[in-house]
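Visitor: model this:
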Amino acid sequence: MKRIETARLVLRRWREEDVAAMAAVNADPEVMRWIGDGSVRDEARTRAGIEAIEREWEHEGFGLFAVEVRESGRLAGFTGLSVPHFLPEVLPAVEIGWRLGREFWGKGYATEAAGAALRFGFLDRGLNQIVSIAQPENTASERIMAKLGMRLLRETVDPGAGRVARVHGLSRVEYEAAAA
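Guide: Okay, here's the model as predicted:
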């Protein structure tokens, strides 16, 4: 079981008790505003999503981590790596993404967790490039991408949501050069 600890967070695989907490995050319209078409997700859809994440871990050797705040043990949301099947034009690709509950915004948790997931992808899994995808109005996520060293690669349209999507990317060479 892959587990990563940062100064304030634990990135780990999913547990049954995470479903209700993640469902609460997914039920918040403000959290879901920039995800796909902006629809919220109920507990059944959240459970199905977590099950799909766990299958991706088994199939790909990476996935989305449950993000837990060390001090409280509370689930904040997720961050990690996935294959962005929703945007076929970027395949083959691996995307880094994050989603935290609103009470965890503005504390640097997303950047801290995503930085650890990026290291995992490049150093542990040997990926050559990682992308991140956001709608242009999602400036908070684009700020995180910039902090991670990602640069805008292209603008396109998410075919499932019909919304503009901006694809950012970082290569392992760029990552290693910045870390040196």
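Visitor: Okay, the spatially most central residue of the chain and E71: tell me how far apart.
Guide: Nearest residue to the geometric centre of the chain (C-alpha atoms, centre = their mean): G97, 1.9 Å. Distance, G97 to E71, by C-beta to C-beta, to the nearest Å: 24 Å. Heads up, the C-betas are built off the backbone N, CA and C, glycines and all.
Visitor: just to revisit the earlier point, if I pick the residue nearest to the centre of the chain, what's in contact with it?
Guide: Shown in contact with G97 (C-beta atoms under 8 Å, 6 or more residues apart in numbering): L64, F78, T79, G80, S82, S132, I133.
Visitor: State whether it is indeed within a strand.
Guide: Yes. Assessed with DSSP: H, G, I helix; E, B strand; the rest coil, G97 lies in a strand.
Visitor: Does it have any beta-bridge partners, and if so which?
Guide: Beta-bridge pairing of G97 under DSSP bridges involves G80.
Visitor: can you tell me which residues contact the nearest residue to E142 once chain neighbours are set aside?
Guide: Nearest residue to E142 in three dimensions, chain neighbours excluded: A134, at 5.5 Å (C-beta to C-beta, 6 or more residues apart in numbering). If you count contacts by C-beta under 8 Å, 6+ apart, A134 has them with W34, S141, E142, M145, A165, R166, H168.
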